[in-house]
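Participant: Predicted model follows, preceded by the sequence.
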Amino acid sequence: MAVHIEAKKGEIAESVLVPGDPLRAKWIAETFLEEAFCYNQVRGMYGYTGYYKGKKVSVQGGGMGIPSSMIYYHELINEYSVKQIIRVGSAGSYQKEVRLKDIVIAMAASTTSGINNNRFVNSDYAPTASFTLFSKAVDFARENNVPFKAGNVLSSDEFYEDDPNGYELWAQYGVLCVEMETAGLYTLAAKFGVDALTLLTISDSLVTGERLSHKEKETSFDEMVQIALGII
C-alpha cells in the first residue's frame, strides 16, 4: 500500500517524469500534457497523468535529496508498476565547459550519501543509467540538434557545504555537475529491474559563480523535458 501517493490503481502511467519540485511537475503537466489530471496532493507533492502525442505519461514530484525521492521511486515502482522513471532536474556545474542552461545526461552517479553502505558493506556500488534510455536520449538530442554533455554526476547529501572549494576534487576526476537524487534513483531501478535516467539542466556554476534567476529557470527547462518525453 502506498503511503505517500494517493493515486488509484491504473491512474499512473508506466512511464513517469520525476522533478524534485512539485510545482515543476505541475508546470510540465500543464505545458506539455493533454487531458492532464492531478492524482496526488499528499504533502503537496503533486502528481499528474495525461497524454503526450497520444502516449500516457505521468509526472510526479519527488522532493529534494535521496531520502525523499527514494520514497516516491519505491512507491511508483512497487505500488503502481512503473517501468520507466526519468528524473528531470537542475544541477550545479563542476566544469568550466559545462555552462548555464546546458543539458547533462547522467551516465552514472557518484555520491556523498551513505545510502548503499548497509547494502554493500565495505564495498562501493556504482549506480548507473539504463543503457536503453541513455542511448535513446543521446539519439534524440543529436537528431533534434540539442547540445548536451554526458558523463558522471555527483549526488550530494548537502546543498550548503562547509568547504566552498570541495567540488574541485570531484571536478578533477571528471564529474560534470552536482545534484541530489540520481544515485538513489539508479540504485532502486537496478534493484527492481526498471529503466531509469536523469536529465539535468545547469542552473548555476560552482566554477564561475553564475546562477540562473528564478524566472530563467522557469523558461530554461523546455529542451530537457522534450528529450524526456521524446524517449518514453
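Facilitator: All right, it came through fine. For clarity, every value in this text was computed on a predicted model and none was experimentally measured. Residues are numbered from 1 along each chain as shown.

Participant: hey, let's count contacts and neighbours off CA atoms from now on
Facilitator: Noted.

Participant: Which secondary structure element is home to Asn116?
Facilitator: For Asn116, there is no helix or strand it lies in under DSSP states H and E.

Participant: Could you find the closest non-adjacent residue to it?
Facilitator: Ranked by C-alpha to C-alpha, 6 or more residues apart in numbering and with sequence neighbours excluded, the top spatial neighbour of Asn116 is Tyr125, at 7.2 Å.

Participant: Cross-check that neighbour against the secondary structure; I expect a strand.
Facilitator: No: assigned with DSSP: H, G, I helix; E, B strand; the rest coil, Tyr125 falls outside any strand and is coil.

Participant: Report pLDDT for it.
Facilitator: As predicted, Tyr125 sits at a pLDDT of 96.

Participant: what do you get for Pro164?
Facilitator: 87.

Participant: Roughly how far does it sit from Gly209?
Facilitator: Distance, Pro164 to Gly209, by C-alpha to C-alpha, to the nearest Å: 11 Å.

Participant: List the buried residues of the lowest-mean-pLDDT helix or strand in the chain.
Facilitator: The weakest-scoring helix or strand in the chain, judged by mean pLDDT, DSSP states H and E, is helix 214-220 (a mean of 74). Neighbour-count burial for helix 214-220, counted by 16 or more other C-alpha atoms under 10 Å, picks out Lys217, Ser220.

Participant: now stretch 167-182
Facilitator: Under the neighbour-count criterion of 16+ other C-alpha under 10 Å, stretch 167-182 has Tyr167, Trp170, Ala171, Val175, Leu176, Cys177, Val178, Glu179, Met180, Glu181, Thr182 buried.
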